[in-house]
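**Student:** structure for this input, please:
(chains A and B)
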Amino acid sequence: MAEVEETLKRIQSHKGVIGNMVVNAEGIPIRTTLDNSTTVQYAGLLHQLTTKARSTVRDIDPQNDLTFLRIRSKKHEIMVAPDKEYLLIVIQNPCE
Amino acid sequence: MQMQLLDRFPGTPAPSNPRSRPMETGRWPGGAPHPTPSLSSAMEIVYVYVKKRSEFGKQCNFSDRQAELNIDIPPNPELAEQFVERNPVDTGVQCSVSMSEHEANTERFEMETRGVNHVEGGWPKDVNPLELEQTIRFRKKVEKDENYINAIMQLGSIMEHCIKQNNAIDIYQEYFDDEEAAEMMDEAPSAKTINVFRDPQDIKRTATHLSWHPDGNRKLAVAYSCLDFQRAPAGMSSDSYIWDLENPNKPELALKEAASLCPLLPTPVLPFTPSCYAPAPACWDTRKGSLVAELSTIEFSHRDPVYGTIWLQSKTGTECFSASTDGQVMWWDIRKISEPTEVVVMDITRKEQLENALGAISLEFESTLPTKFMVGTEQGIVISCNRKAKTSAEKIVCTFSGHHGPIYALQRNPFYPKNFLTVGDWTARIWSEDSRESSIMWTKYHMAYLTDGAWSPMRPAVFFTTKMDGTLDIWDFVLKQCDPALSLKVCDEALFCLRVQDNGCFIACGSQLGTTTLLEVSQGLSTLQRNEKNIASSMFERETRREKILEARHREMRLKEKGKAEGKDDDQRDEELVSDLQAMVGAAEQEFFDIIYTELKKKEADAMKRKPKIQERVAEDQEAEGDEDTLEAEGAEEET
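**Tutor:** Residues are numbered from 1 along each chain as shown, chains lettered A, B, ... in the order given. Predicted coordinates for the structure are as follows:
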């Protein structure tokens, strides 16, 4: 339990990180550093996208699996680390 | 007596026993029989009626007789006045299957557009998402899960890696953004055929001249004629065509009687095209159609076929000039084409004698130098003329000789107008206006006659030539000087003419059988390379300088020879002529080398005395003299 806290805190403290959240397999945000409405929005959308990405990868090669998903936009970068049951989502502003 | 008449349905077979059924003949009151229709057992429709013999009447006796005119009504035109002609008559007259139209409506399918509002979903049934307590409780429960902890640890480490990566460098950075796109030099020069336009006539004629339409470059005018002097077979059409590039099957417009050798040139302003084979220049207006719009009179025009015409850049846009092998160059105004406005005779002895005149084959005119023009002759001499000279004798400024045969193409370099390209006999030569004795650069002697040449409008160092063996050569003297950069076999028969489009990408070449081929050259050959202008101009300058030095040398040698010859006796000179040619050549060479050697020695001695700065200049001179050396050693075959 303490390690989880520590990990998430460490992630948050990195340069440029705007926020992070943990989402479960049903799309329910378990833990978040952002406000509720934003969290709900991110959780819902990214959950669907991750599922789609994963199915795409597995469709092409069934032995393959999705390990990481990075979406770079003009303003920031959204990084999604998928697991069997949970998703770790981090929003970072990459310094250039 | 009664008779029964059976009216059988025609075509049906007779039943076996026609009177098998007993008939009931009813009687109307009054005695008249009435018929009883009946259906026979064999599905035949039979109508039976009864008639008394006495009621039959007289027997028919048919007999033939002649036709009898019963009535003859002649037409009465006065009746026509009671009628009015109806025009147009809108009556459909058609014998076809009659059809009817029906509409049917299928059952409607109801559709509705609805949006779905996603609210927090996924919560299990027992948890109410709105109640804070329940959600917090649920979350806490999840966080206690063993699985959760492991998962987060793992994901956390992956995530950290990526975050740090992001912080370290911008992995999506665009490199080489400000660099200009691609070095085209890597790609080997190439050209491919895009389209082939064949002469639709049965008797094939040579495509002798081509021109591109000035706007849009979508049309190509091709002039056809028979080049064998007066050997055109009967029935050979004398049309020339304007082709649309998109449609290679059929020409867009045919210009009648345009059997011309010479250019169909679209004018800069109007859609006229002057053209001529027959000595009289003629004009076609593409707006008016395919017949000749204007034709000059025979008395005042050329006496030989006209080989070159060019439109002049004038305010009215109606001036052109033409050159022919009779030795005259004439200026015309289209509006008054019956007589030339000016005539110049190509007599290089400056005496205006038509007998001495050289036949003109090609014309050159650059609109940036409006008073000068150049004429290429059948004798292999290029004459440069000044239009504005006061006396006719002064019109001819200078001559350049060097070709062994007629000069078929003459064009100034679009970037450096002082240098011009001539194509004739088996070589193509580049000249500079400053050096009159010889060309500054020339190609080697080919196996086949060269028929046409042109500079590329986009690159100063690229030019194209066509040969009698059907090959198109693309020369790039920045890249390679001994051979063409690209040599393409376009067709099996001879190629006669060549025209480059203004963007430098497309080339059209016409062949002996009237086939015009449209080629596209690769990007590398049609876009200006870095530094190319500088390199080309420095090459031109260097070669011009070399020629100048050679010229000076020759002049000196000639003066010396003159001096020597005047000093010697006639007998001695005869003796020399008789003696071995080889010995003479050897002696001359030896003498020349001696002179060079002494010069070199002198220069070295000078250099030793002066400061090191000047050594550079000496080295240059030595190089120049070294060039002369190699030139003499290798003979006339040296290329630049």
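
**Student:** just confirm B:E543 is within a strand.
**Tutor:** No: counting by DSSP: H, G, I helix; E, B strand; the rest coil, B:E543 is located in no strand; its state is helix.

**Student:** give me every residue that touches it.
**Tutor:** If you count contacts by C-beta atoms under 8 Å, 6 or more residues apart in numbering or on different chains, B:E543 has them with B:430, B:432, B:440-441, B:640. Just so you know, the C-beta spots here come from the backbone N, C-alpha and C atoms, and that holds for glycine as well.

**Student:** inside strands: which ones of the residues you listed?
**Tutor:** Using DSSP state E, the subset of the contacts of B:E543 located in strands is B:430, B:432, B:441.

**Student:** what about B:F477, neighbour count?
**Tutor:** 23 (other C-beta atoms under 10 Å in any protein chain shown).

**Student:** quick check: it touching B:W442?
**Tutor:** No: when contacts are counted by C-beta atoms under 8 Å, B:F477 is not listed as touching B:W442 (10.9 Å).

**Student:** return the residues of chain A in contact with chain B.
**Tutor:** A:1, A:3-4, A:7-8, A:10-11, A:14-17, A:20, A:22, A:24, A:26-28, A:30-31, A:40, A:44, A:67-68, A:70, A:72, A:77, A:79, A:81, A:83-86, A:88, A:90, A:92, A:94-96 (C-beta under 8 Å from any C-beta of the partner chain).

**Student:** what residues sit buried inside stretch B:130-137?
**Tutor:** B:T135 (16 or more other C-beta atoms under 10 Å in any protein chain shown).

**Student:** who touches that stretch?
**Tutor:** B:123, B:126-129.

**Student:** in which helix or strand does A:H47 reside?
**Tutor:** Using DSSP states H and E, A:H47 maps to helix A:36-60.

**Student:** what do you get for B:K141?
**Tutor:** In this structure, B:K141 sits in helix B:132-144 according to DSSP H and E.

**Student:** tell me the average confidence for that helix?
**Tutor:** On average, the pLDDT along helix B:132-144 is 85.

**Student:** tell me the angle it makes with helix A:36-60.
**Tutor:** Interaxial angle, helix B:132-144 versus helix A:36-60 (axes from the mean of the first three to the mean of the last three C-alpha atoms, to 10 degrees): 40 degrees.

**Student:** tell me the helix or strand right after helix B:132-144.
**Tutor:** Next along from helix B:132-144, by DSSP H and E: helix B:146-168.

**Student:** in its sheet, which strands sit next to the next helix or strand after that next one, and in what direction?
**Tutor:** Next helix or strand after helix B:146-168 toward the C-terminus (DSSP H and E): strand B:191-197. With DSSP bridges as the test, strand B:191-197 is paired with strand B:516-521 (antiparallel).

**Student:** what about residue 74, neighbour count?
**Tutor:** Assuming you mean chain A. 4.

**Student:** right idea, wrong chain: chain B
**Tutor:** Neighbours around B:P74, by other C-beta under 10 Å: 5.

**Student:** among the residues of chain A next to chain B, name the ones in strands.
**Tutor:** A:17, A:20, A:22, A:24, A:30-31, A:70, A:72, A:77, A:79, A:81, A:86, A:88, A:90, A:92.

**Student:** which of those lies closest to B:R558?
**Tutor:** Checking these against B:R558 with C-beta to C-beta, the nearest one is A:R72 at 78.8 Å.

**Student:** check contacts around that closest one.
**Tutor:** A:94, B:172.

**Student:** 10 Å instead?
**Tutor:** A:78-79, A:94, B:166, B:170-172 (C-beta atoms under 10 Å, 6 or more residues apart in numbering or on different chains).

**Student:** which two among these are spaced furthest apart?
**Tutor:** Maximum pairwise distance among these (C-beta to C-beta): 16.2 Å, between A:I78 and B:D170.

**Student:** tell me which of these two has more neighbours.
**Tutor:** A:I78 (18 against 12).

**Student:** quick check, that one in contact with A:V90.
**Tutor:** Yes: with contacts counted by C-beta atoms under 10 Å, A:I78 reaches A:V90, the gap being 7.6 Å.

**Student:** show me whatever sits in contact with both of those two.
**Tutor:** Joint contacts of A:I78 and A:V90 (C-beta under 10 Å, 6+ apart) are A:I18.

**Student:** nearest to chain B: which residue in chain A?
**Tutor:** Proximity of chain A to chain B (C-beta to the nearest C-beta) peaks at A:E26, 3.3 Å away.
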